[in-house]
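Colleague: sequence and predicted structure, then a few things I'm wondering about:
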Amino acid sequence: MKVIVVGGGWAGCAAAIACKKAGAEVHIFEKTDLLLGLGNVGGIMRNNGRYTASEELKCLGAGDLIEITDRLSRHKNIEFPGHKHAWLYDVNKIEGAVYKYIKDLGINLHLVSRVTDIEIVDKKIKGIYLSDGSYFEGDIFVETTGSTGPMGNCLRYGNGCSMCILRCPSYGPRISISERAGVQDFQGERNGDQLGAFSGSCKLEKDTLSEEIVKELDEKGVVILKIPTEEVNYNKLSSKVCQQYALKEFAENIILLDTGHAKLMTTYYPLEKLRKIEGLENAKYVDPYAGSKGNSVRYLSVAPRTDDMKVCGVDNLFCAGEKSGLFVGHTEAICTGTLAGHNAVRLALGMPLLILPRSIAIGDLIAYANEKASTREGRMNRYTFAGAEYFKRMKELGLYTTNINKVETRIKKLNLDGVFNIKLI
């Protein structure tokens, strides 16, 4: 049995790991030279409800990637506006560690391998074509291509190509496997009938900041600097993909987090104005390079799917990560990717597909985001364990907890403990 995963971000890596643990031959095709995609500039884990979801993953037998981010965390249990017990992994070390783990598992990794088309017969995908003309057959396919790019989308719906970590001009545009298979994707929306949303943060080179700021970042993991009143812009909050950070504190302050770089919690900020703030006089962007003017635009290619992560209308295609819904975050990508990869093997074996129950946070998020995507109002929101609408729901339903024993008990009552560790083949 051969499972082909298209896209090597957090969702793709999680899907591949789940497939491999279930016993399949697995191939990841990633268009760039790095795994993890936006995970190379992200860094925030376990904040708010993501703590619960991380522990659920571990109890379900899918804690592999969580354990790597935990091990590489520069800071643990820090707080910043609207967020508690956040862990910040080192963005400069994470990709190498995940790459090694993927290779050590025996997963076949194809980097700088951009998929450009598919062969499909009677609603069943037979294989994929790469940009160099080569062709690879597979039995089951998992699409984790994300929803950012190609460059034209950032030009049309944003402020142009911001030269982000995805590097579309060099490695080529993302394509939609689901649309190539005849499925109509949908888009996330934002205010004013606009499509998509801006990525929610930038990165500053730590060495360009004042010694005082660097010292505080190294010691505490977070620095908050007041923005001059005349420069405060609340309108930018509505354009952010990361609605869990769309709080007034993020408009009134410069909030920096230590992820190896200094993570600047805003979509973009004019460098000239940034340098007027004490301690940032020599600040320089490292991602995106055009952080003065814009950021990448996301949620322009989401596939309709069922709660088992299978794409509607294609017999052997699953999806995960941002491709599978209006999700925000690494943890969310790992959750959806794990379920998609596991179910890919189940489908190939003729087994019933697993749907995680709504009595746990992961199952409820997957189902809830799917329900909301059917309405225009729902497509204007984003769904994450870390805040905004869904975290409020988590608390209301009693799903949010930092009590690890409580999480373990929930999973065991459902007889799902270690389910993703079971070898099916």
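Modeller: Sure thing, it's come through. Residues are numbered from 1 along each chain as shown.

Colleague: kindly tell me how buried the spatially closest residue to Lys124 that is not a sequence neighbour is, as a neighbour count.
Modeller: Of all residues not flanking Lys124 in the chain, Asp315 sits nearest, at 4.5 Å (CB to CB, 6 or more residues apart in numbering). Glycine gets a C-beta too; all of them are placed from N, C-alpha and C. If you count neighbours by other CB atoms under 10 Å, Asp315 ends up with 14.

Colleague: check contacts around Asp315.
Modeller: Asp315 is in contact with 122-124, counting by CB atoms under 8 Å, 6 or more residues apart in numbering.

Colleague: of the residues you listed - the most surrounded one?
Modeller: Highest count within the contacts of Asp315 by other CB under 10 Å belongs to Lys124, 15 neighbours.

Colleague: point out where this protein drops to low pLDDT.
Modeller: The chain contains residues with pLDDT under 70 at 192, 232-247.

Colleague: longest helix of it?
Modeller: helix 330-349 (DSSP state H).

Colleague: for Phe318, give me its contacts.
Modeller: 15, 140-143, 305, 309-311, 340-341, 343-344, 347.

Colleague: and for Thr208?
Modeller: The neighbourhood of Thr208, defined by CB under 8 Å, 6+ apart, consists of 282-284.

Colleague: Leu65: neighbouring residues, count only.
Modeller: Leu65 has 28 nearby residues by other CB under 10 Å.

Colleague: any idea how far Cys312 is from it?
Modeller: 27 Å (CB to CB, to the nearest Å).

Colleague: now Tyr299
Modeller: Taken as CB to CB, the span from Tyr299 to Cys312 is 18 Å.

Colleague: so the two - more neighbours on which side?
Modeller: A count of neighbours by other CB under 10 Å puts Tyr299 above the other of Tyr299 and Cys312, at 26 against 13.

Colleague: how close does the nearest residue to that one once chain neighbours are set aside get to Thr336?
Modeller: Using CB to CB, 6+ apart and skipping the chain neighbours, the partner closest in space to Tyr299 is Gly188 (3.0 Å). Going from Gly188 to Thr336 by CB to CB gives 16 Å.

Colleague: of these two, give the one with the bigger neighbour count.
Modeller: Thr336 (30 against 25).

Colleague: surely that one meets Ser324?
Modeller: Yes. Because the distance of 5.1 Å satisfies CB atoms under 8 Å, Thr336 is recorded as touching Ser324.

Colleague: how does this structure divide into domains?
Modeller: For the chain, automatic domain parsing gives the domain ranges 2-75+87-195+298-421, 198-287.

Colleague: would you list the phi and psi of Glu252?
Modeller: Phi and psi for Glu252, reported as degrees, to the nearest 10, are phi -90, psi -10.

Colleague: wait, I meant Leu271
Modeller: Dihedral angles for Leu271 - degrees, to the nearest 10 - are phi -60, psi -40.

Colleague: Met1 and Ala22 touch, don't they?
Modeller: No. Between Met1 and Ala22 no contact is recorded; they are 9.3 Å apart, counting by CB under 8 Å.

Colleague: ok, the contacts of Thr208 vs Gly152, which is closest?
Modeller: Lys284 (27.8 Å; CB to CB).

Colleague: mind listing what that closest one touches?
Modeller: Neighbours of Lys284 in contact, by CB under 8 Å, 6+ apart: 204-205, 208, 271.

Colleague: can you say which of the residues you listed are buried?
Modeller: 204, 208, 271 (16 or more other CB atoms under 10 Å).

Colleague: list just the nearest of those to Ser134.
Modeller: Leu204 (40.0 Å).

Colleague: wait, Val328 touches Phe385, no?
Modeller: No. Using CB under 8 Å, Val328 is not in contact with Phe385, being 9.1 Å away.

Colleague: quick one, helices of the stretch 101-250 of the chain?
Modeller: 151-157, 168-171, 177-180, 211-220, 248-252 (DSSP state H, counting those that start in this stretch).

Colleague: mind listing what's buried in the first one?
Modeller: Same thing as helix 151-157. 151, 153-154, 157.

Colleague: do the same with the third one
Modeller: Using 16+ other CB under 10 Å as the burial criterion, the residues of helix 177-180 that qualify are 177-178, 180.

Colleague: same question, the longest one
Modeller: Within helix 211-220, the residues that qualify as buried by neighbour count (16+ other CB under 10 Å) are 213-214, 216-217.

Colleague: redo the contacts of Thr208 as CSV? Include distance to Met380.
Modeller: Below are these laid out as CSV (distance: CB to CB, whole Å):
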residue, distance to Met380
Asn282, 39
Ala283, 33
Lys284, 34
